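Chemist: Below is the structure, and that's it, no one-letter string:
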């Protein structure tokens, strides 16, 4: 049995997540890791995965309908919301994540075999 969602949220979420991933990938692909150690390379990959998960959480939160009172939150609320999302993303990455860091690491090892 297939579930179909026709409210547009799934397409919006997909577009936001895809754009965020493309931006982050562009940033990391322009970096030079030719002299990086294994640990430095894995840390960079984990930071990328954390950023990716953070953007996914923000995208998901943006799809939640809020009342007018909630939309006028103070800047402090916005900062703490961002900090909460960042903490969730770091926790997710440190507990195994979605496997993106490992895949990036393996791919980068293929591109920079002499430095590792």
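Modeler: In hand now; what should we look at? Keep in mind it's a predicted model, so treat the numbers as computed, not measured. Residues are numbered from 1 along each chain as shown.
Chemist: what residue ranges in this structure score low on pLDDT?
Modeler: 1-36, 68-73, 112-116 (pLDDT under 70).
Chemist: residue ranges of the helices in it, please?
Modeler: Chain-ordered helices for the chain, with DSSP state H as the definition, fall at 9-29, 38-62, 68-71, 75-94, 100-111.
Chemist: quick one, the fourth one and helix 38-62 angle?
Modeler: For helix 75-94 against helix 38-62, the angle between stretch directions is 130 degrees (axes from the mean of the first three to the mean of the last three CA atoms, to 10 degrees).
Chemist: what sits up against helix 75-94?
Modeler: For helix 75-94, contacts defined as CB atoms under 8 Å, 6 or more residues apart in numbering pick out 46, 49, 50, 51, 53, 54, 57, 58, 61, 73, 98, 101. C-beta here means a position set from N, CA and C on the backbone, and glycine is covered the same way.
Chemist: Pull out the buried positions in it.
Modeler: 85, 86, 89, 90, 92, 93 (16 or more other CB atoms under 10 Å).
Chemist: Nearest to residue 37 among the residues you listed?
Modeler: Distances from residue 37 to the buried residues of helix 75-94, taken as CB to CB, are shortest for residue 93 (19.5 Å).
Chemist: need the contact list for residue 61.
Modeler: 81, 85.
Chemist: Quick check: the gap between residue 76 and residue 85.
Modeler: 15 Å (CB to CB, to the nearest Å).
Chemist: cool, and residue 103?
Modeler: 23 Å.
Chemist: sorry, back to before: pick the one among the contacts of helix 75-94 closest to residue 107.
Modeler: So of the contacts of helix 75-94, ranked by how close each gets to residue 107 (CB to CB), first place is residue 101, at 10.9 Å.
Chemist: Counting neighbours, what do you get for the closest one?
Modeler: 21 (other CB atoms under 10 Å).
Chemist: For it, give me its contacts.
Modeler: So residue 101 contacts 42, 45, 46, 48, 49, 93 (CB under 8 Å, 6+ apart).
Chemist: Please produce a markdown table containing the residues you listed, extended by distance to residue 110.
Modeler: Formatted as a markdown table, these follow (distance: CB to CB, whole Å):
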| residue | distance to residue 110 |
| --- | --- |
| 42 | 15 |
| 45 | 13 |
| 46 | 18 |
| 48 | 17 |
| 49 | 18 |
| 93 | 22 |
